[in-house]
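**Q** My questions concern the predicted model and sequence given below.
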Amino acid sequence: MLKYLIDVINNSLVTGIVIALLTASVAITDKRMPKRWLILSIAAGVIAAFVLAVLKENTKLVNRNQINAVILIAAIVAVAAFLFFSWKYRGNASEKAWFATARYAVSCFLTALLLFYCLPTIFLYPFGFVAVDQSIFSTDFLFKLIGWLLGLFVVIVSALMLFKIAVKMPYGITRLFTTAVFIFNLVKQFATLFQSFFLRGILVSTKAKGLSKFVLEVVNHADVFIYVLITLTLALAVFLWIKGASAERNLPVPAERRKSRAEVRRQRRIIVTLAVGYVFSIVAMTALFAYDNRPVQLSIAERPAVVGDEILISLDSVADGHLYRYVFTASNGKDVRFIIVRKSETTYGVGLDACDICGETGYYERGNEVVCKLCDVVMNKSTIGFKGGCNPVPLSYLVRGGNIVIKTADLEAEKNRFK
């Protein structure tokens, strides 16, 4: 649950902030334009992102890195055009119709691009909710879905509150803050774009050491950009708070003062809601992230009895259905770990404490669940002992004389999986 809550906020909050200020600028400068085109651009961006996510998950037709590079280049050009039109705006009726139409078109196109770039990652998360052979009606799936939806809710509400704040400010101030947010975000996007160029060999790091160092610094401090954007937009909210506090003093008529007070209270509720959303986001990206990524200590592996070329483990010792971890020292001195889980009255899940996907990181119990330490995938206990997904590599066994019997040769054959 926490993983998807954190990831959604971390990967979409900046886009929410940028789109909120972008659409606020459109609402202020292009009141004559039909709003349906902006709504359609938002819908187009969401639908295109969803289609891309489905294609990425189910086909090999999509190269996400190449698509992202193209989107980034187009978005950088669109941002430059948007900033040009924003600073050319004079707020008078003599503005030429073609100029206003071009500004509005660029704003709509940029909105769609931002959503198309951000949302495929968000839409891909639900595809990972269900482990191999696990039902969508499981508790684990429900908690992951709640975390994903809560992350989206926090981002959408925060963006909506920021939009309502920005449209209440004088356009000059909104434009200034919007420009600052776009410039800070552009620095990060340029770094992301050049990083893809380095990875694909278009640029060589040894020949562009200064650029390579810049990209590395930005990528390694990506979270700083989020906090900068949060600080900038909170400053915009503070401006509105101060503006509301001084507005009432200039109204001589009591009825107007009461109306002004009501509007100020409404604005402050919006500001407080934005602040709560930001605080929640910061806590999620810091404290909750640290909690969710705290090191998991695997239980100590027991050394079972070895009789000849067989390992014997009493059925009574694993009868309670919990995960039990064992270790066998192979001929090359490596410790080969394996686990046993009782699945029913007569069947047991027996496998290595490692899988084909995540390697030897191991499994642990969380409540009544068996979880991969590396990727946090929950195992369906009924599938332990079978191949597939993140399941433990299966081990052959037999039940004889009240014991689970495992051949040492089977463990010797898997010794190279462990360091």
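**A** Yes, it's here.
**Q** With just CA atoms, put the lowest-mean-pLDDT helix or strand in the chain into CSV.
**A** One helix or strand of the chain scores below all others by mean pLDDT, DSSP states H and E: helix 209-220, with a mean of 76. C-alpha atoms of helix 209-220 as CSV (Å, rounded to 0.1, in the frame of the first residue of the first chain):
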residue,chain,number,x,y,z
LYS,A,209,32.2,15.6,-19.0
GLY,A,210,30.7,18.9,-17.8
LEU,A,211,27.3,17.9,-19.2
SER,A,212,27.6,14.4,-17.8
LYS,A,213,28.4,15.8,-14.3
PHE,A,214,25.4,18.2,-14.6
VAL,A,215,23.0,15.4,-15.5
LEU,A,216,24.3,13.2,-12.7
GLU,A,217,23.9,15.9,-10.1
VAL,A,218,20.3,16.7,-11.2
VAL,A,219,19.3,13.0,-11.4
ASN,A,220,20.8,12.3,-8.0
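**Q** Give the rounded mean pLDDT of the helix or strand following that helix.
**A** Going down the chain from helix 209-220, the next helix or strand is helix 222-247, by DSSP states H and E. Here helix 222-247 scores 83 as its mean pLDDT.
**Q** helices or strands up against helix 222-247?
**A** helix 2-29, helix 139-168, helix 171-199, helix 254-283 (3 or more C-beta pairs under 8 Å, 6 or more residues apart in numbering; DSSP states H and E). Where C-beta positions appear, they are placed from N, C-alpha and C, glycine not excepted.
**Q** out of those, nearest to L312?
**A** Closest approach to L312 among the helices and strands packed on helix 222-247 (C-beta to C-beta): helix 139-168, 34.0 Å.
**Q** The closest residue in space to T178 that isn't next to it in sequence: neighbouring residues, count only.
**A** Of all residues not flanking T178 in the chain, L21 sits nearest, at 4.2 Å (C-beta to C-beta, 6 or more residues apart in numbering). Neighbourhood size, L21 [other C-beta atoms under 10 Å]: 27.
**Q** Low-confidence regions, the chain specifically.
**A** Across the chain, the ranges flagged by pLDDT under 70 are 90-95, 130-138, 199-201, 203-208, 245-254, 256-257.
**Q** So it: which segments form each domain?
**A** Domain assignment for the chain by automatic domain parsing gives 2-292, 305-417.
**Q** Pull the distance from the first one to the chain's centre.
**A** Between the mean C-alpha point of domain 2-292 and the mean C-alpha point of its chain there is a distance of 14 Å (C-alpha atoms, centre = their mean, to the nearest Å).
**Q** Start and end of it, how far apart?
**A** From its first residue to its last, domain 2-292 covers 7 Å (C-alpha to C-alpha, to the nearest Å).
**Q** swap in the shortest one?
**A** When the termini of domain 305-417 are compared using C-alpha to C-alpha, they are 22 Å apart.
**Q** now that domain, how far from the chain's geometric center?
**A** With C-alpha atoms, centre = their mean, you get 32 Å for domain 305-417.
**Q** Mind listing the strands the biggest strand by length in the chain pairs with, and their directions?
**A** Across the chain, the longest stretch assigned as strand under DSSP state E is strand 335-342. Counting by DSSP bridges, the strands paired with strand 335-342 are strand 324-329 (antiparallel), strand 348-352 (antiparallel).
**Q** just those strands: most buried one?
**A** Most buried of the strands paired with strand 335-342 by mean neighbour count (mean count of other C-beta atoms under 10 Å) is strand 348-352; its value is a mean of 22.
**Q** helices and strands around whichever helix or strand comes after that strand, which ones?
**A** Following strand 348-352 in sequence order, the next helix or strand is strand 363-366 (DSSP H and E). On a contact count with 3+ C-beta pairs under 8 Å, 6+ apart, strand 363-366 meets strand 369-372.
**Q** Just checking: what are the partner strands of the helix or strand that the strand it packs on is followed by?
**A** Under the assignment DSSP H and E, the closest C-terminal helix or strand after strand 369-372 is strand 378-379. Sheet pairing for strand 378-379, assigned by DSSP bridges, gives strand 369-372 (antiparallel).
**Q** Can you classify the residue nearest to C372 when sequence neighbours are not counted as helix, strand or coil?
**A** Leaving aside its sequence neighbours, C372 sits nearest to C390 (C-beta to C-beta, 6+ apart; 4.9 Å). Three-state assignment for C390 (DSSP: H, G, I helix; E, B strand; the rest coil): coil.
**Q** Run a quick neighbour tally on C390.
**A** 19.
**Q** State whether it and V377 are indeed in contact, as I suppose.
**A** Yes. Contact criterion C-beta atoms under 8 Å: C390 and V377 qualify, at 4.5 Å.
**Q** is D335 in a bridge, and if so with what?
**A** For D335, the beta-bridge partners under DSSP bridges are T329.
**Q** Tell me which of the strands paired with strand 335-342 approaches G359 most closely.
**A** Among the strands paired with strand 335-342, the nearest to G359 by C-beta to C-beta is strand 348-352 (10.3 Å).
**Q** what's that closest one in contact with?
**A** 318, 336-343, 381-385, 391-397, 399, 404, 406, 414, 417 (C-beta atoms under 8 Å, 6 or more residues apart in numbering).
**Q** Would you write a PyMOL line that selects the buried entries of those residues?
**A** To isolate the buried subset of the contacts of strand 348-352 in PyMOL, counting by 16 or more other C-beta atoms under 10 Å, use the following:
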select buried, resi 318+336+337+338+339+340+341+342+343+381+383+384+385+391+392+393+394+395+397+404+406+414+417
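**Q** among the helices and strands packed on helix 222-247, which is nearest C358?
**A** helix 2-29 (15.0 Å).
**Q** Helix 2-29 and the helix or strand following the closest one, what's the angle between them?
**A** Scanning forward in sequence from helix 2-29 by DSSP H and E, the next helix or strand is helix 36-58. Going by axes from the mean of the first three to the mean of the last three C-alpha atoms, to 10 degrees, helix 36-58 is angled at 160 degrees with respect to helix 2-29.
**Q** Check which residues of the helix or strand following helix 36-58 are buried.
**A** Counting by DSSP H and E, the next helix or strand C-terminal to helix 36-58 is helix 64-88. Residues of helix 64-88 classed as buried under the neighbour-count rule (16+ other C-beta under 10 Å) are N68, A69, I71, L72, A75, A78, V79, A81, F82, L83, F85, S86.
**Q** Help me confirm that the fourth one comes into contact with T192.
**A** In other words, L72. Yes. L72 is in contact with T192 according to C-beta under 8 Å; the separation is 6.5 Å.
**Q** For the residue lying closest to L115 once chain neighbours are set aside, list the residues it contacts.
**A** Nearest residue to L115, sequence neighbours excluded (C-beta to C-beta, 6+ apart): G45, at 2.9 Å. Neighbour list for G45: T111, A112, L113, L114, L115, F116, L119 [criterion: C-beta under 8 Å, 6+ apart].
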